[in-house]
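J.: Give me the fold of what follows.
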Amino acid sequence: QVQLAESGGGLVQPGGSLRLSCEASGYNFDYYTIGWFRQVPGKEREGVSCISSSGDESKLADSVKGRFTISRDNAKNTAYLQMNNLKPEDTAVYYCAAEKYLDLGACHRARPYDYWGHGTQVTVSS
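T.: A predicted model of the protein is given here:
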């Protein structure tokens with residue numbers, strides 16, 4: 001049973017930083033591509049970033065380039081999303097997702113992922 005658990009969300013002022021963690025259990029973490037997504041009420045889930053199983057390759061959405069960084073530590077079964085210079089429009093529930101050997105060409109789309117965490121709320125407000 002693949003399980004993912006996000007943590008690290010919270011309330012932060014514009015310009016602030018947060019680091020989200022996605023801890024995995026129940027499977028060989030280093031076989032899986034990890035994606036970070038976010039969703040606000042009434043909108044579709046949006047791909048934010050994704051990283052290959054080895055961590056050698058990654059992608060970032062244009063809206064977060066230069067501000068967010070994705071990484072992973074396979075020894076700790078954990079992926080991270082470092083978010084800097086946060087803006088009010090970054091406010092959303094953030095989810096991590098995992099899919100075995102998913103090509104990075106498709107990793108920004110929600111549909112290919114079978115495994116999801118429950119999400120963590122990020123609120124950027126003064």
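
J.: Which helix or strand contains the residue most central in space within the chain?
T.: The residue lying closest to the centre of the chain (CA atoms, centre = their mean) is residue 36, at 2.2 Å. Residue 36 is part of strand 32-39 when elements are defined by DSSP states H and E.

J.: Can you tell me which helices and strands that strand packs against?
T.: Judged by 3 or more CB pairs under 8 Å, 6 or more residues apart in numbering; DSSP states H and E, strand 32-39 is in contact with strand 18-25, strand 46-51, strand 68-73, strand 78-83, strand 92-100. For every residue, glycine as well, the C-beta is placed using N, CA and C.

J.: Parallel or antiparallel, list what pairs with that strand.
T.: With DSSP bridges as the test, strand 32-39 is paired with strand 46-51 (antiparallel), strand 92-100 (antiparallel).

J.: what's the closest of those to residue 17?
T.: strand 92-100 (13.9 Å; CB to CB).

J.: Show me the contact partners of the very next helix or strand once past that closest one.
T.: For strand 92-100, the following helix or strand on the C-terminal side (DSSP H and E) is strand 115-116. Identification of contacts with strand 115-116 by CB atoms under 8 Å, 6 or more residues apart in numbering yields 2, 3, 4, 32, 95, 96, 97, 98, 99.

J.: hmm, which of the residues you listed are the buried ones?
T.: For these, a neighbour count by 16 or more other CB atoms under 10 Å gives the buried set as 2, 4, 32, 95, 96, 97, 98, 99.

J.: Lowest-confidence one in these?
T.: Lowest pLDDT among the buried ones among the contacts of strand 115-116: residue 2, with 83.

J.: how close does residue 49 get to residue 69?
T.: With distances taken as CB to CB, to the nearest Å, residue 49 is found 8 Å from residue 69.

J.: list the residues that contact both of the two?
T.: The contact lists of residue 49 and residue 69 share residue 81, where a contact means CB under 8 Å, 6+ apart.

J.: So these two - more neighbours on which side?
T.: residue 49 (26 against 16; other CB atoms under 10 Å).

J.: Quick check: beta-bridge partners of that one?
T.: Under the criterion used (DSSP bridges), residue 49 bridges to residue 36, residue 60.
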